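Participant: Sequence plus predicted model, see below.
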Amino acid sequence: MRPLLLIQTGEAPDPIHARFGGFVDWFRAAMRLDSTQMQVARVDEGAPLPAPESIAGAVITGSGAMVTDRADWSERTAAWIRMAMDANLPLFGVCYGHQLMAHAMGGEVGWLPAGREIGTRVITRTHADTADGAWLDGLPTAFPAHTTHRQSVLQPPPGAAVLARSELDPYQLLRYAPNALSTQFHPEFTAESMRAYLDARAAALREEGLDPVAISADVRPTEAARALLENFARAALRHVTGAPVASTS
């Protein structure tokens, strides 16, 4: 069975990593995959990317880096995304991955005009039709999701459908093709990891006029957002094997 590729573009801050593990652990748990079903490429450390035909699909993680810096590793990954899109490979981008997919396909990325978005936010669906696919089955019209970002998609690529927004960010969920979508929010975060990010950034949040204690008090479970990532993984692996995919917790 071809594995699902996790394109890792960064890592959790050291104190958070020590408590909760790293991005590989978070994504594998959210997608309910075992280690044999997932391959990892740490592209920000120079790892090469495989040929699209050798994998079932790819998930692109978040990062502390900025897409607008146009780092060599990031631009190489953007070129790979375009190749994967041409091959109709299932793709799912998260946060930095969301912005990188939009950039790769001709969209604009930059500083979020409303300022930093962080904490558990209400995401509201803005578009729904049969092209949205089984990945969005059961996704409520409005649902909570964890966010932490200062940059975002400012203009989606030509032809991309805007599927959901938040109060501060109009492009929280984009679909580029029937099997390619991305989220600005973090479906892989738990309530505990979201609170840890708020604790780690408390001083910066206060300097920006935000109240980390109040934001933390509003953190809550985000099962609908997490299920979106799991549905993607199951659909991508099922497409390759032609059989149901057993999940593991």
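Facilitator: Received the coordinates, thanks.
Participant: buried sites along stretch 51-70?
Facilitator: Within stretch 51-70, the residues scored as buried using 16 or more other CB atoms under 10 Å are 52, 55-63, 65-67. Any C-beta I mention is one placed from the backbone N, CA and C, and that applies to glycine too.
Participant: Do I have it right that Ser54 meets Ala41?
Facilitator: No - with contact defined as CB atoms under 8 Å, Ser54 does not count as touching Ala41 (11.6 Å).
Participant: Redo the buried residues of stretch 51-70 as JSON lines? Include secondary structure and pLDDT.
Facilitator: JSON lines is the format used below for the buried residues of stretch 51-70 (DSSP: H, G, I helix; E, B strand; the rest coil; pLDDT from 0 to 100):
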{"residue": "Pro52", "secondary structure": "helix", "pLDDT": "97"}
{"residue": "Ile55", "secondary structure": "coil", "pLDDT": "98"}
{"residue": "Ala56", "secondary structure": "coil", "pLDDT": "97"}
{"residue": "Gly57", "secondary structure": "strand", "pLDDT": "98"}
{"residue": "Ala58", "secondary structure": "strand", "pLDDT": "98"}
{"residue": "Val59", "secondary structure": "strand", "pLDDT": "98"}
{"residue": "Ile60", "secondary structure": "strand", "pLDDT": "98"}
{"residue": "Thr61", "secondary structure": "coil", "pLDDT": "98"}
{"residue": "Gly62", "secondary structure": "coil", "pLDDT": "98"}
{"residue": "Ser63", "secondary structure": "coil", "pLDDT": "98"}
{"residue": "Ala65", "secondary structure": "coil", "pLDDT": "97"}
{"residue": "Met66", "secondary structure": "coil", "pLDDT": "98"}
{"residue": "Val67", "secondary structure": "helix", "pLDDT": "98"}
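Participant: For these, which two are the farthest from each other?
Facilitator: Greatest spacing in the buried residues of stretch 51-70, by CB to CB: Ala56 and Met66 (29.4 Å).
Participant: what's near enough to touch the residue nearest to Glu208 when sequence neighbours are not counted?
Facilitator: In space, and not counting its chain neighbours, Glu208 is closest to Arg116: 6.1 Å by CB to CB, 6 or more residues apart in numbering. Taking CB atoms under 8 Å, 6 or more residues apart in numbering, we find Arg116 in contact with 148-150, 205, 208, 210.
Participant: Check which residues of the worst-scoring helix or strand of the chain on mean pLDDT are buried.
Facilitator: Every helix and strand in the chain was compared by mean pLDDT, DSSP states H and E; the lowest is helix 223-241, with a mean of 88. Buried residues in helix 223-241, counted by 16+ other CB under 10 Å: 224-237, 240.
Participant: His103 should be in a helix, yeah?
Facilitator: Yes - judged by DSSP: H, G, I helix; E, B strand; the rest coil, His103 forms part of a helix.
Participant: where does it land on pLDDT?
Facilitator: Looking at His103, its pLDDT reads 98.
Participant: Is it in contact with Thr77, as I believe?
Facilitator: No - between His103 and Thr77 there is no contact, the gap being 10.0 Å when judged by CB under 8 Å.
Participant: more crowded one of these two?
Facilitator: Thr77 (23 against 20; other CB atoms under 10 Å).
Participant: check contacts around the residue sitting nearest the centre point of the chain.
Facilitator: A centroid search over the chain (CA atoms, centre = their mean) returns Val94, at 1.3 Å, as the residue closest to the centre. Residues near Val94 by CB under 8 Å, 6+ apart: 59-62, 182-183, 185-188, 229.
Participant: Could you point out which residue ranges in this protein have low pLDDT?
Facilitator: Along the chain, the parts satisfying pLDDT under 70 run over 128-134, 239-249.
Participant: And the helices in it?
Facilitator: Here the chain has its helices, by DSSP state H, at 14-20, 23-31, 72-86, 96-104, 191-200, 202-207, 212-217, 223-241.
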